[in-house]
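**Student:** fold the following for me, if possible:
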Amino acid sequence: QVQLVESGGGLVQAGGSLRLACTASGRTFSTYAMGWFRQAPAKEREFAAAISWSGNKIYYVNSVEGRFTISRDNAKNTVYLQMNSLKPEDTAVYYCAAQRSYSDYAPTRAFEYAYWGQGTQVTVSS
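**Tutor:** Numbering: from 1, shown residues only. Next comes the predicted model:
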């Protein structure tokens, strides 16, 4: 069982930056692939970024490529999402997700993740 707690959300102007953090409980964080998803009002949850347990495999949705950076610190049981050049369309609740992985793979689909955080709100004003 893994518990995930997100932090770092807030209100920012367009063009600004935020860094989200997701801290996991347990001693096996380094064996989990991690992902960030987001859900805007009246929209379905969508994939944003994912990182494999080693950090060697990283994927982004096209709309955030070049602006967002996912990283992890296995010693701190934490995955980060650095978000730069934020746009109003980035406004959403951001969720962290974890999946035990026996290969160096970073899932990009929500159903591939077993564990989810409670979400953190990111609001970008124009």
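**Student:** which residues of this structure fall in strands?
**Tutor:** Along the chain, the stretches classed as strands by DSSP state E are 4-7, 10-13, 18-24, 32-39, 46-51, 58-60, 68-73, 78-83, 92-100, 115-116, 120-125.
**Student:** which outside residues touch the longest one?
**Tutor:** Translated: strand 92-100. Identification of contacts with strand 92-100 by CB atoms under 8 Å, 6 or more residues apart in numbering yields 2, 4, 6, 9, 20, 22, 24, 28, 31-40, 43, 45, 48, 79, 81, 107, 110, 112-122. Backbone N, C-alpha and C define where each C-beta goes, glycine included.
**Student:** are any of the residues you listed buried, and which?
**Tutor:** 2, 4, 6, 9, 20, 22, 24, 32-38, 45, 48, 79, 81, 107, 110, 112-113, 115-117, 119-120, 122 (16 or more other CB atoms under 10 Å).
**Student:** who's in contact with the most centrally placed residue in the chain?
**Tutor:** In the chain, the residue lying closest to the centroid (CA atoms, centre = their mean) is residue 36, at 2.3 Å. Residues in contact with residue 36, defined by CB under 8 Å, 6+ apart, are 20, 22, 48-50, 70, 79, 81, 94-97.
**Student:** just give me the neighbour total for the closest residue to residue 47 other than its chain neighbours.
**Tutor:** Closest residue in space to residue 47, ignoring its immediate chain neighbours: residue 108 at 5.0 Å, by CB to CB, 6 or more residues apart in numbering. Residue 108 has 17 neighbours, counted by other CB atoms under 10 Å.
**Student:** so how far is residue 26 from residue 108?
**Tutor:** Relative to residue 26, residue 108 is positioned 23 Å away (CB to CB, to the nearest Å).
**Student:** can you pull the contacts of residue 116?
**Tutor:** 4, 95-98.
**Student:** picking up where we left off before, now the strands of the chain in TSV, with mean pLDDT?
**Tutor:** Formatted as TSV, these follow (pLDDT from 0 to 100):
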stretch	mean pLDDT
strand 4-7	97
strand 10-13	98
strand 18-24	98
strand 32-39	98
strand 46-51	98
strand 58-60	98
strand 68-73	98
strand 78-83	98
strand 92-100	97
strand 115-116	96
strand 120-125	98
